[in-house]
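> could you work out the structure for the sequence below:
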Amino acid sequence: QVQVVESGGGPVQAGGSLRLSCAASGYIYRYTMAWFRQAPGKEREGVATIDRTGGTTYADSVKGRFTISRDNAKNTLSLQMNSLKPEDTAMYYCAADNWAYRSLFPGSYNYWGQGTQVTVSS
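Numbers count the residues shown, from 1 in each chain. You can find the predicted model right below:
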């Protein structure tokens, strides 16, 4: 079992950058890690995943702008977000699971953080 805590969210202007971090309480090397987001009135959607081998998957809406990375030695996950758009505004969640294998489906993940808010103004 692993517990995760997100940080790094905040307000930013369109075109700007933010870096989200996720700190885990346990060893993450066994887990697929992922970032999800949920805007008000919308379903939670997958943003990016990274599996145990470092393989990544991105939602089409963030390809070329966001980069997911992991540091197994420090048990941390990051999401570098560049060229932010107002439509990126959402609560961003870190998630982990042993068997998710790069899935962008929220139901594939058992461990979730409380989220960090990202607000992009135009």
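
> hang on, Ala34 packs against Tyr109?
Yes - contact status for Ala34 versus Tyr109: in contact at 6.3 Å, counting by CB atoms under 8 Å. Heads up, the C-betas are built off the backbone N, CA and C, glycines and all.

> the more surrounded of these two?
Ala34 (31 against 24; other CB atoms under 10 Å).

> shared neighbours of Ala34 and Tyr109, anything?
Shared contacts of Ala34 and Tyr109, defined by CB atoms under 8 Å, 6 or more residues apart in numbering, are found at Ala95, Ala96, Ala100, Ser103.

> between those, which is closest to Thr53?
For those, the residue nearest Thr53 by CB to CB is Ala100; the value is 13.2 Å.

> which ones are touching the residue nearest the centre of the chain?
The residue lying closest to the centre of the chain (CA atoms, centre = their mean) is Trp35, at 2.0 Å. Shown in contact with Trp35 (CB under 8 Å, 6+ apart): 20, 22, 46-49, 68, 77, 79, 92-95.

> want to try a markdown table for the residues you listed, with pLDDT, secondary structure and neighbour count as columns?
Converted to a markdown table, the contacts of Trp35 look like this (pLDDT from 0 to 100; DSSP: H, G, I helix; E, B strand; the rest coil; neighbours: other CB atoms under 10 Å):
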| residue | pLDDT | secondary structure | neighbour count |
| --- | --- | --- | --- |
| Leu20 | 98 | strand | 24 |
| Cys22 | 98 | strand | 26 |
| Gly46 | 98 | strand | 22 |
| Val47 | 98 | strand | 24 |
| Ala48 | 98 | strand | 24 |
| Thr49 | 98 | strand | 26 |
| Ile68 | 98 | strand | 21 |
| Leu77 | 98 | strand | 28 |
| Leu79 | 98 | strand | 27 |
| Tyr92 | 98 | strand | 24 |
| Tyr93 | 98 | strand | 23 |
| Cys94 | 98 | strand | 28 |
| Ala95 | 98 | strand | 25 |
